[in-house]
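Colleague: Mind looking at a prediction? Sequence and model below.
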Amino acid sequence: VAVGDAVPWQVVDHYENPRNVGSLDRNAKNVGTGLVGAPACGDVMKLQVEVDENGKIVDARFKTFGCGSAIASSSLATEWVKGKTVDEALKIKNTDIAKELCLPPVKLHCSMLAEDAIKAALADYKLKQDPNKEESEKKA
């Protein structure tokens, strides 16, 4: 966002009042952790999900080092994944996040980072459910 540009209220709201900041127990079997970064801008995002025995995401937390758009994207992502199944959460796209937050083109990488963080957290969760799956896939 250039100086003098209007900042969408959704970004300001999620930046000033971020939802679900914090951490879950990364060692818990039902918690998936995704840590992603964008070297070009220096944003780093950690997103965690807690999944119940029915495959529903019951909690989500994030910690983000980055600009207001990165923090807002993380906050919105945690709001959106809660209550969804793992498969439903995997359908969340960066374009949906960017549209909801009215991100300008120069900040689209923030929404991409949030989508990547969701996918990484869910991949970590799935690996914890069947740790032998990755080994068998490597041998194939």
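Modeller: Received it, and whenever you're ready, just let me know what you need.
Colleague: quick one, helices of this structure?
Modeller: 9-16, 68-81, 86-89, 94-101, 108-129, 131-139 (DSSP state H).
Colleague: Pick the most deeply packed of those helices.
Modeller: helix 68-81 (a mean of 25; mean count of other Cβ atoms under 10 Å). For every residue, glycine as well, the C-beta is placed using N, CA and C.
Colleague: if we can go back for a sec, in JSON lines: the helices of the chain, plus distance to Asp25 and mean pLDDT.
Modeller: Compiled in JSON lines, the helices of the chain are given as follows (distance: least, Cβ to Cβ, whole Å; pLDDT from 0 to 100):
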{"stretch": "helix 9-16", "distance to Asp25": "25", "mean pLDDT": "81"}
{"stretch": "helix 68-81", "distance to Asp25": "16", "mean pLDDT": "95"}
{"stretch": "helix 86-89", "distance to Asp25": "18", "mean pLDDT": "97"}
{"stretch": "helix 94-101", "distance to Asp25": "26", "mean pLDDT": "94"}
{"stretch": "helix 108-129", "distance to Asp25": "12", "mean pLDDT": "96"}
{"stretch": "helix 131-139", "distance to Asp25": "17", "mean pLDDT": "60"}
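Colleague: now these as JSON lines including distance to Leu47?
Modeller: Formatted as JSON lines, these follow (distance: least, Cβ to Cβ, whole Å):
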{"stretch": "helix 9-16", "distance to Leu47": "14"}
{"stretch": "helix 68-81", "distance to Leu47": "6"}
{"stretch": "helix 86-89", "distance to Leu47": "11"}
{"stretch": "helix 94-101", "distance to Leu47": "12"}
{"stretch": "helix 108-129", "distance to Leu47": "4"}
{"stretch": "helix 131-139", "distance to Leu47": "21"}
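Colleague: For Thr33, find the nearest of the ones you listed.
Modeller: Taking Cβ to Cβ, helix 108-129 is the member of the helices of the chain nearest to Thr33, at 5.2 Å.
Colleague: Just the CA coordinates for that closest one, please, in CSV.
Modeller: Extracted as CSV, the C-alpha positions of helix 108-129 are listed here (Å, rounded to 0.1, in the frame of the first residue of the first chain):
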residue,chain,number,x,y,z
LEU,A,108,-1.4,-10.7,-2.9
HIS,A,109,1.6,-12.6,-1.7
CYS,A,110,0.3,-12.3,1.8
SER,A,111,-2.8,-14.2,1.0
MET,A,112,-0.7,-16.8,-0.9
LEU,A,113,1.4,-17.2,2.3
ALA,A,114,-1.8,-17.8,4.3
GLU,A,115,-3.0,-20.5,1.9
ASP,A,116,0.4,-22.1,2.0
ALA,A,117,0.4,-22.0,5.8
ILE,A,118,-3.0,-23.7,5.9
LYS,A,119,-1.8,-26.5,3.5
ALA,A,120,1.4,-26.9,5.5
ALA,A,121,-0.4,-27.2,8.8
LEU,A,122,-2.9,-29.8,7.4
ALA,A,123,-0.1,-31.8,5.8
ASP,A,124,1.7,-31.9,9.1
TYR,A,125,-1.5,-33.0,10.9
LYS,A,126,-2.0,-35.8,8.2
LEU,A,127,1.6,-37.0,8.6
LYS,A,128,1.1,-37.3,12.3
GLN,A,129,-2.0,-39.5,11.8
